[in-house]
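Asks: Sequence and computational prediction follow.
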Amino acid sequence: MLYRWNFGHYLSGAYGFMLQTYSIPFCKFCSFLNYFTAQVSAWLRVFICLDRYLSLSHRHKTWFSQSRNVLIIIIFIIIVFTIINFHFFLFACYYNEDGTMNVQAHHYQIYPLWDYINLGLYNCAPFIFMIVFTSGQRKKPKPILNYTLEVNVFDILITSPSTLTTPKFSQQIRETYLIMFWFNSSNASTESVDEKYKFVTYYPLTLIIVGTLFNFFTFAILWRPIFRDTKKRPTIHYIRTIAIFDILMLYGWNFDHYLSGAYGFMLQTYSIPFCKFCSFLNYFTAQVSAWLRVFICLDRYLSLSHRHKTWFSQSRNVLIIIIFIIIVFTIINFHFFLFACYYNENGTVNIQARHYQIYPLWDYINLGLYNCAPFIFMIVFNIGVIYHLIHLRQTSTIRKSRIQHRSISLTLVITTFLFLIMTIPATVCFGFFFSTADSFVLHLFDSILYTYHILSFPIYLITFKEFRQEVFLLIIPCK
């Protein structure tokens, strides 16, 4: 790290030149090194914090704490950030007409865009994980031998009814908790309990029905002739993909909420194949959906800040980005297929792994990948969008262009704001407060999170004029 920009500061001050602008090979290598080394260094520190957390919260060594596996993790980090920053070798640096070196790329503006991305990869996301692992202390409930339990164990479990439908405790604790929850409920108002029980059971089913119809309808509308010119509007690729992934999201934990309340079982604990697939699906779909929204915000920012189309705004490249996002989060969550889920001695399915404790560790990681990092990028890009919209309003004389940019950007701002208030509370509560928060509040937050993923259709209908016109034409066709 000391031989990157730091060495460049010395050379530029003492000798009037920098290695980054010395030649094309030096430019590409130094540009890559400047970001790669910083990001790898930061994430190595994250895994040191993770190792300390696991060594304190587990009696025996976990998979992450074994020497050979630590080397695998280090190699994996290096490979991931090599891939992320490899575009410097492919596109960065070229000679200007006057012979000077240009550190940008022909196809897109690397700076300040990559500085914004580096803010998340080198600063924000690692800092969040370091704070979480440094402050994290895992509570271990006492062994449950029979249904006459001590009061403190009862209190730990009874305050978290949503553990029935989310992988927070082992299957044995879930089953015991089900009996304890209804035993405790006999002392409360029967009518009140029944109303809450019906809500947390049947509202998820409502989300599945309404959400599937809304997102499928959105997907169908976006294939109508007016939206087929993806070269002109490459963002349509993102919105179509989001509609598909928002449908898939509703059939994860949300569907299990309904099944556990209505029929007393969950797909995630039905069999080993179902367990592995559902565990993967619950995180994979949410993370892909969130990062697709990030790249929509990036596309809006680039379209407003550049006169000509950038590399990120070309239709073919948007498809490449979507495939890349899907591959990355498939790799990140692929450990569920390899290690998660096994049969207990009594024949029940255990959703943990034999080699390490998946939960609540992966909930903390998901907090960063699904909520914090995407939200930070959305905020950064939307601030840039708002700035350029104000500038466009002051300088542009083309009314149609201003209205078009304003309507699309308004949709993004509303989506980002709803993402903050509807998804983060649920993830934070289940990650940190599931043993202390009120049971109904936890269920309510979880329902609000999944409600966010059915709102694309009404948001587009309200804020997107052409989408609204196509909906009306489909419902009331012109004669």
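Replies: Sure, I can see it. Residues are numbered from 1 along each chain as shown.
Asks: Every contact and neighbour count from this point should use C-alpha atoms.
Replies: OK.
Asks: average pLDDT for stretch 370-378?
Replies: The average pLDDT within stretch 370-378 is 90.
Asks: Pull out the buried positions in stretch 255-270.
Replies: By 16 or more other C-alpha atoms under 10 Å, the buried positions in stretch 255-270 come out as Phe255, Asp256, His257, Tyr258, Leu259, Gly261, Phe265, Met266, Leu267, Gln268, Thr269.
Asks: ugh, wrong one, I meant stretch 122-137
Replies: Under 16+ other C-alpha under 10 Å, the buried positions of stretch 122-137 are Tyr122, Cys124, Ala125, Pro126, Phe127, Ile128, Phe129, Met130, Val132, Phe133, Gly136.
Asks: Closest to Thr62 out of those?
Replies: Relative to Thr62, the closest of the buried residues of stretch 122-137 is Phe133; by C-alpha to C-alpha it sits at 15.2 Å.
Asks: Output the helix or strand where that closest one lies as CSV - backbone C-alpha positions only.
Replies: According to DSSP states H and E, Phe133 maps onto helix 125-135. The C-alpha trace of helix 125-135 is given here as CSV (Å, rounded to 0.1, in the frame of the first residue of the first chain):
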residue,chain,number,x,y,z
ALA,A,125,-18.7,-2.3,4.5
PRO,A,126,-15.5,-3.4,6.3
PHE,A,127,-16.2,-0.9,9.1
ILE,A,128,-19.7,-2.2,9.6
PHE,A,129,-18.6,-5.8,9.8
MET,A,130,-15.7,-4.9,12.2
ILE,A,131,-18.1,-3.1,14.5
VAL,A,132,-20.6,-6.1,14.4
PHE,A,133,-18.0,-8.8,15.0
THR,A,134,-16.1,-6.7,17.7
SER,A,135,-19.3,-6.0,19.6
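Asks: Now do the contacts for Thr201.
Replies: Applying C-alpha atoms under 8 Å, 6 or more residues apart in numbering to Thr201 gives the contacts His257, Tyr258, Leu259, Ser260, Gly261, Ala262.
Asks: where along the stretch 201-350 of the chain do the strands fall?
Replies: Assigned by DSSP state E, counting those that start in this stretch, the stretch 201-350 of the chain shows strands spanning 340-343, 349-353.
Asks: and the shortest one, which strands flank it?
Replies: Right, the one you point to is strand 340-343. Its sheet considered, strand 340-343 pairs with strand 349-353 (antiparallel) by DSSP bridges.
Asks: Averaged pLDDT, the strand it pairs with. What do you get?
Replies: Here the average pLDDT along strand 349-353 is 92.
Asks: Please list the residues outside the helix or strand that it is followed by that contact it.
Replies: Next along the chain after strand 349-353, taking DSSP H and E as the criterion, comes helix 361-366. By C-alpha under 8 Å, 6+ apart, the surrounding residues in contact with helix 361-366 are Phe129, Val132, Tyr283, Gln287, Thr427, Phe430, Gly431.
Asks: Just the CA atoms of helix 361-366, as PDB, please.
Replies: The C-alpha coordinates for helix 361-366 follow below in PDB (Å, rounded to 0.1, in the frame of the first residue of the first chain):
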ATOM      1  CA  LEU A 361     -23.200 -15.200  11.600                       C
ATOM      2  CA  TRP A 362     -24.800 -15.100   8.100                       C
ATOM      3  CA  ASP A 363     -27.500 -12.700   9.300                       C
ATOM      4  CA  TYR A 364     -24.700 -10.300  10.300                       C
ATOM      5  CA  ILE A 365     -23.100 -10.700   6.900                       C
ATOM      6  CA  ASN A 366     -26.500 -10.300   5.100                       C
END
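Asks: Now the very next helix or strand once past it: buried residues?
Replies: Sequence order places helix 373-395 as the next helix or strand after helix 361-366, per DSSP H and E. Going by neighbour count (16+ other C-alpha under 10 Å), the buried part of helix 373-395 is 373-382, 384-386, 388-389, 392.
Asks: Looking at the residues you listed, which is nearest Ile117?
Replies: Checking the buried residues of helix 373-395 against Ile117 with C-alpha to C-alpha, the nearest one is Phe377 at 7.4 Å.
Asks: Ile414 versus the closest one, what's the distance?
Replies: According to C-alpha to C-alpha, to the nearest Å, Phe377 and Ile414 sit 15 Å apart.
Asks: where does the stretch 301-450 of the chain dip in pLDDT?
Replies: 392-409, 431, 434-440 (pLDDT under 70).
Asks: helices or strands next to the helix holding Phe133 in the packing?
Replies: Applying 3 or more C-alpha pairs under 8 Å, 6 or more residues apart in numbering; DSSP states H and E, we find helix 125-135 packed against helix 24-57, helix 361-366.
Asks: For it, what does the pLDDT average out to?
Replies: For helix 125-135, the per-residue pLDDT averages 76.
Asks: now stretch 103-115
Replies: Stretch 103-115 comes out with an average pLDDT of 79.
Asks: got it, and stretch 52-62?
Replies: So the average pLDDT for stretch 52-62 ends up being 78.
Asks: Quote the end-to-end distance of it.
Replies: 11 Å.
Asks: So which of the strands of the stretch 201-350 of the chain is the most surrounded?
Replies: strand 349-353 (a mean of 22; mean count of other C-alpha atoms under 10 Å).
Asks: Pull the residues that contact it.
Replies: Residues from elsewhere that reach strand 349-353 (C-alpha under 8 Å, 6+ apart): 167, 170-171, 268-272, 275, 279, 339-344, 358-359.
Asks: rerun that using 6 Å as the cut-off
Replies: Gln171, Thr269, Phe339, Ala340, Cys341, Tyr342, Tyr343, Ile358 (C-alpha atoms under 6 Å, 6 or more residues apart in numbering).
Asks: Farthest pair within the residues you listed?
Replies: Checking the contacts of strand 349-353 with C-alpha to C-alpha, the most distant pair is Gln171 and Phe339, at 16.8 Å.
Asks: Have a look at the two and say which one is more surrounded.
Replies: Gln171 (19 against 16; other C-alpha atoms under 10 Å).
Asks: next one: stretch 14-23 to chain centre, how far?
Replies: With C-alpha atoms, centre = their mean, to the nearest Å as the basis, stretch 14-23 stands 40 Å off its chain's centre.
Asks: how long is it from one end to the other?
Replies: End-to-end distance (C-alpha to C-alpha), stretch 14-23: 19 Å.
Asks: Check stretch 450-467 too.
Replies: Between the opening and closing residues of stretch 450-467 lies a distance of 23 Å (C-alpha to C-alpha).
Asks: mind checking how far that stretch is from the chain centre?
Replies: Relative to the mean C-alpha coordinate of its chain, stretch 450-467 is positioned 20 Å out (C-alpha atoms, centre = their mean).
Asks: who's in contact with it?
Replies: So stretch 450-467 is in contact with Gly211, Phe214, Thr218, Asp246, Thr411, Arg468, going by C-alpha under 6 Å, 6+ apart.
Asks: Please identify which pair of those lies farthest apart.
Replies: Spatially, the most separated pair among the contacts of stretch 450-467 is Asp246 and Arg468, at 20.1 Å (C-alpha to C-alpha).
Asks: and these two? which has more neighbours close in?
Replies: Ranked by neighbour count (other C-alpha under 10 Å), Asp246 and Arg468 place Asp246 first, with 26 against 18.
Asks: hmm, back to that, can you tell me which of the contacts of stretch 450-467 lies closest to Arg300?
Replies: If you rank the contacts of stretch 450-467 by distance to Arg300 using C-alpha to C-alpha, Thr411 comes first, at 10.8 Å.
Asks: Setting aside sequence neighbours, what's the nearest residue to Cys355?
Replies: Actually, residue 355 is His rather than Cys. Distance criterion C-alpha to C-alpha, 6 or more residues apart in numbering; nearest residue to His355, sequence neighbours excluded, is Trp63 at 5.3 Å.
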